[in-house]
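Participant: can you look at this prediction? I've put the sequence above it.
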Amino acid sequence: MSPATPGGSLLVLALILPVAAMLVAFVLGGRAAERLALAALGLGALLAMLVAAAVYRAGAPLAYAVGGWAPPLGLALRADGVTAAMLLTAALVLLAVALFGRTGHATPPGLAEARAPFAFWCFLLALSAALAAAFLGGDLFNLFVALEMLTFAALALACLEGKPSQFRSELRYLLFALIGSVLYLLGTVLLYGGYGTLDIALLAGRARADAPTLLAAALMTAGLAAKMALFPLHLWLPPAHAGAPPAASAVLSGLVVKASFVLLLRLWFWVMPPLAAAAAAPLLAALGAAAILAGSLVALRQARLKLLVAYSTVAQIGYLFLMFPLALAGDAEVAARAWLGGILQASSHAFAKAAMFLAAGLIAGALGHDRIAALGGAGRAVPVCVVAFGLAGLSLMGIPPSGGFTAKWLLLTSAVATGQWWWALVIVGGGVLTGGYVYRVLAGSLTAPPVTDAPIGDAPLPAAASRGPQLVALALALVSVGLGLLPLASFGLVQVGRLGAAP
Amino acid sequence: MSGAPIFGLTGAALVGLGLFGLLVQAAVLRKILAFNLLGAGVFLLFGVVAQRGGTAGGGADAVPQAMVITGLVVAFAATALAVVVALRMHQITGAATISESDGAEPGGSDAA
């Protein structure tokens, strides 16, 4: 196990940049925080591309031992294909959200600096740092700290407006997240007691399928599932994500849940022995399938746009769990396809869901409400948003060509190839239901605005939103669709460092 | 050496009590206290692990202790954050619980 590889310093930079920017922004305050955050997130996107390029070129994971101390005593930062892909996704979505936030959270010249915009930029940087730590961490305890940082930053962003309705749902989110992380920590105690290390690379191959290890894996999985809102632990997510301001909802739904997902992959594909993982995988996938069906059905029945989008997150998270039995059961080629399908689903969902939440926020802002039954006129007021919502919806449904289609197609063909056709049924059924709720929104937005008897001056005419934020939402949706236009071979990146992949 | 089972059982009991409190108690403050109880149980188990690791090589294993200190800081920060949010909620809405039955409907902003 080489403690550090060339290019390892890139990983340190990817972690330090947002942390340093956050601290400096906190000291400088207000206007400077906005400029600093935009610069740091732009640089972060560049760094994430460099990391991805370095991993792809090396064909092997990058590693860095913090302070020159090699594991088990020291902490390692590692970047393999999954890390690089998720880091890049997170950096691009965060940059888009920052550009979106320039209108809502700006400090206009001539006005006094307020606390809310200042907090928004600081916590956006904190969230970026926590995500980098969660994707790069190579030590299970270090990852616990990263997940907690992520929860704190996400909660602060979600509560930013301080509306009475927010506190109850965000507090429930916090408690669920805290229970999740304590269960995860309990699991790490048991693993440390058994093996004397928490380094993922060292645990891989060492872990046995004995009772303490299985109990630890069960506790950690339950904790992470609570943080990811896997069915049936999903009840906290829709109100928490729907109640937050649009920019916060986008990162909460698109990125924050993915950090726990990557950690779950590390646990089951790296730490746990394959036989134990193969035994647990159908259970995870069954919960995922239940999440797809239940989440989509409930989304169909929502009366509010943002709640619909949030329930759609519950359903789309379910797809991520379908990759567990598929990537573990088949032969090497099918496993690679299922693996790519899962990661691509995580990435394309991040882009699509961020686009959807930003578009939903703008639609709600233009109409003054987000009741789906009264969306008429949205197509005229904010046409770009409606297009962005529709494109993101295509990706979530799995209509070709889109990133969501490629992801679901890969999972579907892997399910058929390994003889587990029942997962294929769930994938197709979930796509049809997704089509149903996306259609409800689009059909509603494209109808004419309701005719009111009130004099024209009194009628609440939809206000046109400014162009910039709408284009950001559209750009995110286009990326999500564009992922489906890339040839499959160009995704070789995500296979780098996968255990069991052909070296 | 003979202390380990006692500490282990105490830790397990604290974890159980904390989980029970988190699930059953309605008041937010009680939930936060239960979370701290749960955390204390986990940290005690870390201590047991440190002691057990130490008996093999003489002296206690320092790594779990370092983890406990980090964990305490994180738990403290989490508690502070939760208390602040709960306090704000109480100041603004007058509610001290997060049950669904009372108060405004969550989510779905009326005006952005």
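Facilitator: That came through, no problem. Numbering: from 1, shown residues only, chains lettered A, B, ... in the order given.

Participant: just the strands in the chain please.
Facilitator: I went with chain A, as the question did not name one. With strands called from DSSP state E, chain A shows them at A:62-65, A:76-79.

Participant: so which residues make contact with the first one?
Facilitator: In other words, strand A:62-65. A:2-5, A:7-12, A:51, A:54-55, A:71, A:74-80, A:138 (CB atoms under 8 Å, 6 or more residues apart in numbering or on different chains). Every residue, glycine included, has its C-beta placed from N, CA and C.

Participant: ok so, going back, buried deepest among the strands of chain A, which one?
Facilitator: Across those, averaging neighbours per residue (mean count of other CB atoms under 10 Å in any protein chain shown) puts strand A:76-79 on top, at a mean of 26.

Participant: who touches it?
Facilitator: A:3, A:8, A:10-12, A:15, A:51, A:54-55, A:61-66, A:70, A:87, A:135-139, A:199-201, A:497.

Participant: I'd like to know which of these are buried.
Facilitator: Using 16 or more other CB atoms under 10 Å in any protein chain shown as the burial test, those include A:8, A:10-11, A:15, A:51, A:54-55, A:61-66, A:70, A:87, A:135-139, A:199-201, A:497 as buried.

Participant: now, which of the residues you listed lie within helices?
Facilitator: The helices, defined by DSSP state H, take in A:8, A:10-11, A:15, A:51, A:54-55, A:87, A:135-136, A:200-201 from the buried ones among the contacts of strand A:76-79.

Participant: mind checking the longest helix of the chain?
Facilitator: In the absence of a named chain, chain A is used. The longest helix of chain A (DSSP H) is helix A:332-367.

Participant: should've been chain B
Facilitator: As assigned by DSSP H, the longest helix anywhere in chain B is helix B:62-93.

Participant: so for it, what's the average pLDDT?
Facilitator: Averaged across helix B:62-93, the pLDDT comes to 90.

Participant: quick check: buried residues in it?
Facilitator: Using 16+ other CB under 10 Å as the test for burial, helix B:62-93 gives B:63-65, B:67-68, B:71, B:74-75, B:78-79, B:81-82, B:85-86, B:88-89, B:93.

Participant: out of these, which are close to chain A?
Facilitator: Of the residues in those, proximity to chain A by CB under 8 Å from any CB of the partner chain holds for B:63-64, B:67, B:71, B:74, B:78, B:81-82, B:85-86, B:88-89, B:93.

Participant: out of those residues, which is nearest to A:Thr107?
Facilitator: Lowest distance from A:Thr107 to these (CB to CB) belongs to B:Arg88, with 23.3 Å.

Participant: pLDDT score assigned to the closest residue to the closest one other than its chain neighbours?
Facilitator: The spatial neighbour of B:Arg88 that comes closest, neighbours along the chain excluded (CB to CB, 6 or more residues apart in numbering or on different chains), is A:Phe167 at 6.2 Å. On pLDDT, A:Phe167 comes in at 85.

Participant: so A:Phe167 sits against B:Ile92, correct?
Facilitator: Yes - the pair formed by A:Phe167 and B:Ile92 meets the contact definition of CB atoms under 8 Å, at 6.8 Å.
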